[in-house]
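Trainee: let me see the structure of the following:
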Amino acid sequence: MSTTKLTEYRVSIRQLIIVAFVLAVPYGIVGLIWALAHTDHLAALHGIDKVFSFLGEIIAWPALLISDVTLV
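Mentor: Purely as a prediction, here's the structure:
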């Protein structure tokens, strides 16, 4: 396939949403598993801090996996 044909390929909004969903669901599931397995620091937090720390772990699980740090 030449680059001209590749750049002329049209993608609909529906296709972009489907691709985003297919990529986001496994990412979110792995993040949720990571966050549920690393809840030790949540005992010291209360209220909205606990919620944001938990959501931060779901979103940032690849960086936390590589750097071996916990969010507080």
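
Trainee: which pLDDT value belongs to the most centrally placed residue in the chain?
Mentor: Residue closest to the mean C-alpha point of the chain, counted by C-alpha atoms, centre = their mean, is Ile59 at 4.1 Å. At Ile59, the pLDDT value in this model is 94.

Trainee: quick one, what contacts the nearest residue to it once chain neighbours are set aside?
Mentor: Among residues not flanking Ile59 along the chain, Gly31 sits closest, at 6.5 Å (C-beta to C-beta, 6 or more residues apart in numbering). For the C-beta atoms, the positions are set from N, CA and C on the backbone; glycine is no exception. Counting by C-beta atoms under 8 Å, 6 or more residues apart in numbering, Gly31 touches Glu57, Ile58, Ile59, Trp61.

Trainee: tally of neighbours for the first one?
Mentor: Pointing back at Glu57 there. By the criterion of other C-beta atoms under 10 Å, Glu57 has 22 neighbours.
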